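> Need a 3D model of the sequence below.
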Amino acid sequence: MQTQYEFTINGARLIADLSGALYWPDQDMLIVADLHFEKASAFAARGVALPPYDTAATLQRLAAAFQTYQPKRFVSLGDAFHDDDWPARMSPRDRAALAQLAASVETVWVTGNHDPTPPVGLAGDAIAVLRVVGDGALVMRHEPMARNADFEAGELAGHLHPCAKLRQRGRNLRRRCFVHDGARAILPAFGALTGSLNIRDEAFDGLLEGAAYEAIMLGTARLAVVAPKRLLPDRLR
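Predicted coordinates for the structure are as follows:
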């Protein structure tokens with residue numbers, strides 16, 4: 001079963017993992033997007049009851065990715081926390097597990113729309129945009145930029161929670177995915193309690209270069225790399 005897929009962004013060799021994490025071997029860096037820790041408790045605080053296990057489930061998957069790749073550097077591409085009040089709601093056990101992961105490596109918290117301020121009491125640096133040069137030059141931010149004069153090739157972003165849909169063996173499959181066109185990659189949401197947006201949605205218009213992109217769909221046991229011509233929208237536009 002294929003659980004990893006290698007591709008290149010602006011010269012940088014990257015590995016998409018079945019978990020939804022991205023690994024950059026040249027920099028020994030593990031990258032994830034949209035963890036959304038304490039999302040369920042944020043909804044509960046507003047009177048919407050949800051099972052309070054999303055943070056623990058996300059941490060378990062993140063710890064497994066750390067174990068697999070043993071990175072020296074870790075980057076969260078924004079929205080690691082669902083809001084700024086997460087410290088008051090996160091359990092001591094989950095807080096300790098997260099603190100241990102963050103302190104075990106060189107950590108960078110890219111800020112997002114849900115977490116615009118640095119996380120309280122956790123190791124690591126907070127920054128809006130991170131630029132790193134290795135076997136290729138990458139720029140990491142939360143929200144993908146429009147492809148205009150200010151666009152920088154080598155962008156890694158999250159925010160949109162991409163998923164892909166296709167028809168296979170008589171049924172529709174809709175799964176979280178990485179999507180990239182060689183100049184930009186948009187990562188799937190890593191959090192256990194996150195929705196997803198079809199990459200055929202208009203929110204992705206202009207972000208990917210024509211029909212040259214590919215979707216890396218995350219199944220239950222393996223990855224599937226899908227060409228644009230096979231992808232279906234959720235609804236007709």
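> Longest helix in this protein, please.
helix 54-69 (DSSP state H).
> Next, the buried residues of that one.
Within helix 54-69, the residues scored as buried using 16 or more other CB atoms under 10 Å are Asp54, Thr55, Ala56, Thr58, Leu59, Arg61, Leu62, Ala65, Phe66, Thr68, Tyr69. Placement of C-beta: from N, CA and C, glycine included.
> Am I right that the second one is in contact with Arg93?
Looking back up the chat, that one is Thr55. No. Thr55 is beyond contact range of Arg93, at 9.7 Å (criterion: CB atoms under 8 Å).
> Kindly tell me how buried Leu207 is, as a neighbour count.
Other residues near Leu207 come to 21 when the count uses other CB atoms under 10 Å.
> Could you do Glu6 as well?
Using other CB under 10 Å, Glu6 has 10 neighbouring residues.
> helices or strands next to the helix or strand hosting it in the packing?
Under DSSP states H and E, the secondary-structure element containing Glu6 is strand 4-9. Judged by 3 or more CB pairs under 8 Å, 6 or more residues apart in numbering; DSSP states H and E, the packing partners of strand 4-9 are strand 12-17, strand 184-186, strand 214-218, strand 223-226.
> can we see that at 6 Å?
strand 12-17 (3 or more CB pairs under 6 Å, 6 or more residues apart in numbering; DSSP states H and E).
> what pairs with the helix or strand just after the strand it packs on, and is each one parallel or antiparallel?
Proceeding N to C from strand 12-17, the next assigned helix or strand is strand 22-24, under DSSP H and E. Strand pairing for strand 22-24, using DSSP bridges, gives strand 12-17 (antiparallel), strand 29-32 (antiparallel).
> Flag the shaky bits of the chain, pLDDT-wise.
Counting by pLDDT under 70, the chain has low-confidence residues at 42-45, 47-51, 236-237.
> list the buried ones in the lengthiest strand in it?
The single longest strand within the chain, with elements called by DSSP state E, is strand 171-180. Judged by neighbour count using 16+ other CB under 10 Å, the buried positions of strand 171-180 are Arg175, Arg176, Cys177, Phe178, Val179, His180.
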